[in-house]
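# Model the following, please.
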Amino acid sequence: MVDDSVQAGLRGPVSHPVGKKVILAVTGMSCASCAHHIEEELVGVPGIKEASVNFATSQATVIYDPTQCDVPQLISAVKNAGYDVVRPPAGPKVDPLEPSRRQEWNKLRLKFLLSLAFTVPIVLASMLNMDFPQRNWVLLLLSLPVQFFCAAGFLSGAWSAIRRRRADMNTLVAIGTLAAFGYSVVATLFPDAFRQAGQMPHVYYETAAVIITLILLGRLLEARAKNQTGEAIRKLIGLQPRQAHVIRDGQELSIDVSTVTVEDIVVVRPGEKLPVDGVVIDGVSSVDESMITGESMPVSKRPGDEVIGATLNKMGSFRFRATRVGEETTLQQIVRLVQDAQAAKAPIQRLADVISGYFVPIVLVIAVSTFVIWFDLAPVPLRLTLALLNFVAVMVIACPCALGLATPTAIMVGTGKGAENGILIRGADALERAHKLNAIVIDKTGTLTHGKPAVTNVIAQNLTEEELLQLVGAAEQGSEHPLANAIVDFVRARGIEMPKATNFEAIPGAGIQSRVGSRTVLVGSARFLAERHVETTSLASEAGHLASEGKTPILVAIDSRPAGLLGVADTLKPTSVEAVARLKKLGLEVIMLSGDNRLTVEAIGRQLQMDRVIAEVLPHQKVRVIEDLQDQGKVVAMVGDGINDAPALAQADIGIAVGTGTDVAIEASDITLIRGDIRSVLAAIALSRKTMRIIKQNLFWAFFYNVLGIPVAAGLLYPLLHFLLNPMLAGAAMALSSVSVVSNSLRLRRFGLVGS
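Numbering: from 1, shown residues only. Just a heads-up that it's a prediction; the model follows:
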């Protein structure tokens, strides 16, 4: 279902069509421009095919040629850019950055609280114009720990960037606050020099301190919000139980789930979670699979049925044979797929990343220009003060963090929420493309229908329905044909006892003959009965009617006399009609594709009110259908579940595999629906559209904030309104911009499964 990468601080490497892929967990990034710098450094390594760094997840996804470079070289490139790669923690499969994120959170909280404690008296003394001996010296002493301990991360980050001839958010904050602090220190040490120049020796310790405190608060809130975006992954990881009950050497043992092996016999009691995937060997129960599939109704399990690890056994005890353990379980594959999707970068993010890469140098130019203009044009007594304050305001209000968080945070929440609802999205690009769909092609068998025949009609002649079913069911018990199995299952479901038949004879492609008690039973096609001299004219009309509805008429004769007929068909899933109607309401052209005969396909198409039906197509012809639609300029999704659907799934703009289908179909898809309910297609499209709306809102406000905020901070409104933006307000605005973007993305957590 997903690639075979191993969760780690570096995860991989794994095979990829153009090389190997590895995911590195990176620490030290402070804004989107950091991600841009790391990408530049990685791309410079020989053999790199593609490098993508996600600021929100702090992960670098690299595709490389292993004959030209290796993972240590990639790690070295990240370190050369001024950042580090975290090694994975020991133990269960968890987020490798979790310990460092927790450590970073504790540091930020400590520094914020210390900064706040020192900043409050500074602000009170400054704002209330308190005048006391050595006032400026007291403010200097209070400001020192704020500037050089609480803001140490900004200062060290800025110095690291400067040494590499780069600039990032740390550069803006460090230069801005140091400018205000340095000016104040000079005014404190040499007040007479200012008076001789005709200026008052004002100090702005409160400006630097408040800016640092507000930015630390913003970083703290941002870290908390970003942590919430990964909640879905943590929920999934937390689903797996820690213990398993297995039978070894005839004894039941309680062991750690990590030590369960394939072929182990696992015992599950009521109320327990299943530790791994497997197949039931004895016992009957009802299992709640909602945590994996999103399906609220418990599923009945009998011997031979597959069970999924981490699901909840509701009632009854049973034993099953383990088939997939460790990282091969369905749960771990889902976790890995979601993590890979969250680490990927959506195409819409590319523009924002390019802008972020050049953003900080442009801001530095604007800030210096602002200082020069104000110093040149402002009144002499105030020119240095106004130039400095506006310079600081520009520096601290401009931050590319919001741009860097706009897309990946929404992708993280969207893919995680999809996984909670049984919708596995392979990558961010698939989530983005899905909202552009205007045509959807759906395979019939196993997708819109149950994928197996079932009796739909019983028409008796010269005897009762129960008598007819008893004789036909008894006769068909000796057959292995799918239609025979459907008849036998139907008779059993009606509670009708079937006596043992004798002299069973099957004629391939025609029918069967058998003795049930003293009666001879013939079951098959009209030709089969005619060849045995049975007159079927009285059944012809009903048989023709069933055939026109896309059903297979099965005629029955008892002792050489017509006795009735059964209608057998691959029946529609109960939600298919609703799903197709709602897909059409979304503005999609809905097309049914099938290799079945035209009469059957057209009959089902009429029931579903399809826009188009295409029948009697071979697998390679299904691909051609998709290509023809794409040639018409349509963005096409293909929904299927079989091996013969895999080529079409791969050709489509979005391949959607029903997870109850084959592994090869799932491998070829962009989106996998764990539930067999076709309404999950609606949910996947709805999730894509909602995620893209959130992303566009985030990008709009991130761009709008900077486009509006920087000119205001530079003093553009002063000639008209005599308004200047206080640097402290600029710092607050900058801190809250990133928080607002992440908070907007978190609205996706309210997404609910369509049709549930």
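
# Which parts of the stretch 251-400 of the chain are helices?
Under the criterion DSSP state H, counting those that start in this stretch, the stretch 251-400 of the chain contains helices at 290-293, 330-343, 349-377, 383-397.

# doesn't residue 374 make contact with residue 383?
Yes. Residue 383 sits in contact with residue 374 when judged by CB atoms under 8 Å, with a separation of 6.6 Å. C-beta: built from backbone N, CA, C; applies to glycine.

# Which one's more surrounded, those two?
Neighbours were counted for residue 383 and for residue 374 using other CB atoms under 10 Å; residue 374 has more, 23 against 15.

# Give me the nearest residue to that one, chain neighbours excluded.
The shortest distance from residue 374 to any residue that is not its chain neighbour, by CB to CB, 6 or more residues apart in numbering, is 3.9 Å, and that residue is residue 387.

# what number of residues lie near the one you found?
20.

# Check the gap between residue 275 and residue 251 for me.
Counting by CB to CB, to the nearest Å, the gap from residue 275 to residue 251 is 17 Å.

# Check residue 467 too.
Distance, residue 467 to residue 251, by CB to CB: 53 Å.

# higher neighbour count, these two?
Ranked by neighbour count (other CB under 10 Å), residue 467 and residue 251 place residue 467 first, with 15 against 7.

# Name the helix or strand of the chain that has the lowest mean pLDDT.
strand 10-16 (a mean of 51; mean pLDDT, DSSP states H and E).

# Could you list the paired strands of the following helix or strand past that one along with their orientation?
Proceeding N to C from strand 10-16, the next assigned helix or strand is strand 19-27, under DSSP states H and E. Using DSSP bridges, the strands paired with strand 19-27 are strand 10-16 (antiparallel), strand 59-64 (antiparallel), strand 84-85 (antiparallel).

# gap between strand 19-27 and the chain center?
19 Å (CA atoms, centre = their mean, to the nearest Å).

# May I have that strand as PDB, with CA atoms only?
Taking Å, rounded to 0.1, in the frame of the first residue of the first chain, the C-alpha atoms of strand 19-27 are listed here in PDB:
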ATOM      1  CA  GLY A  19      16.400   6.900  -7.300                       C
ATOM      2  CA  LYS A  20      16.100   6.400  -3.600                       C
ATOM      3  CA  LYS A  21      14.000   8.400  -1.200                       C
ATOM      4  CA  VAL A  22      15.000   9.400   2.400                       C
ATOM      5  CA  ILE A  23      13.100  11.700   4.900                       C
ATOM      6  CA  LEU A  24      15.300  13.600   7.300                       C
ATOM      7  CA  ALA A  25      14.000  15.100  10.500                       C
ATOM      8  CA  VAL A  26      15.500  18.600  10.700                       C
ATOM      9  CA  THR A  27      15.800  20.900  13.800                       C
END
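
# Would you tell me what the next helix or strand after that strand is?
For strand 19-27, the succeeding helix or strand toward the C-terminus, using DSSP H and E, is helix 32-43.

# list the buried ones in that next one?
By 16 or more other CB atoms under 10 Å, the buried positions in helix 32-43 come out as 32, 33, 34, 35, 36, 37, 38, 39, 41, 42.

# Mind listing what's buried along the longest helix seen in the chain?
Selection of the longest helix in the chain by residue count, based on DSSP state H, yields helix 679-714. Residues of helix 679-714 classed as buried under the neighbour-count rule (16+ other CB under 10 Å) are 679-688, 690-692, 694-695, 697-699, 701-703, 705-706, 709-710, 712-714.
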